[in-house]
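Asks: Structure for the following, please:
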Amino acid sequence: MVHLADMLNFSGKKVVTAGASIPFPLGPSQSLPDTLMQLGVATPWTPLSACGDPSGTHCFAQSVVLRGLDKACHTSRLTPGTPLPSLLHACSTGEEVLAQYLQQQQPRARSSSHLLLTPCKVVPPYPCLFSSSLSPQGLVLDNATGAGM
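Replies: Now for the predicted structure:
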């Protein structure tokens, strides 16, 4: 991805940046709206390319894909009648949650977002690069002993 971002340029100016969040910071008892709301103005992905504005103020378009999140985590799990902590909690699908989040973060940017149920399949030793506080599904465990699996 970094190489693609570095190769795409116009008259010596970069027109694309790449970012990733591996693993996505979703805990076992959290929903996507909970996780995104807790981030505040920060985004969960880290820039992989050297170009671009870290604050994202010059972003004119973005495409975000989340893979491998269980459908049960896509929307809020609040009991009926509970006040909604954010607009993200009012969304009825994970795609709406992600689209609303991107709109809040970059209101002037054109955004494309997708949630895919299937995770990226990787073979060893790739998963061993991460901490033992991650489940085999890539979610952050409650503690490093394996709670939440």
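
Asks: Not including adjacent chain positions, what is the nearest residue to residue 86?
Replies: Using C-beta to C-beta, 6 or more residues apart in numbering and skipping residues adjacent in sequence, the residue nearest residue 86 is residue 37, 4.6 Å away. (Glycine included, C-beta is placed from N, CA and C.)

Asks: and that neighbour, how far is that from residue 132?
Replies: Per C-beta to C-beta, to the nearest Å, residue 37 is found 27 Å from residue 132.

Asks: more crowded one of those two?
Replies: With neighbours defined as other C-beta atoms under 10 Å, residue 37 and residue 132 compare such that residue 37 has more, 19 against 9.

Asks: wait, is the more buried one part of a strand?
Replies: No - Residue 37: not assigned to a strand; according to DSSP: H, G, I helix; E, B strand; the rest coil it is helix.

Asks: In this structure it contacts residue 85, no?
Replies: Yes - counting by C-beta atoms under 8 Å, residue 37 does reach residue 85; the two are 6.2 Å apart.

Asks: Report the contact partners of the residue nearest to residue 86.
Replies: 85, 86, 88, 89 (C-beta atoms under 8 Å, 6 or more residues apart in numbering).

Asks: Just give me the neighbour total for the last one.
Replies: For residue 89, the tally of surrounding residues (other C-beta under 10 Å) stands at 21.

Asks: cool, the second one as well?
Replies: By the measure other C-beta under 10 Å, the count of residues near residue 86 is 17.

Asks: Would you check that my belief about it contacting residue 34 is correct?
Replies: No - applying C-beta under 8 Å, one finds residue 86 not in contact with residue 34, separated by 9.0 Å.

Asks: any idea whether residue 111 is helix, strand or coil?
Replies: strand.

Asks: how far away is it from residue 120?
Replies: Residue 111 is 22 Å from residue 120, by C-beta to C-beta.

Asks: what about the two, which has more around it?
Replies: In terms of neighbours (other C-beta under 10 Å), residue 111 is the more surrounded of residue 111 and residue 120; the figures are 17 against 11.
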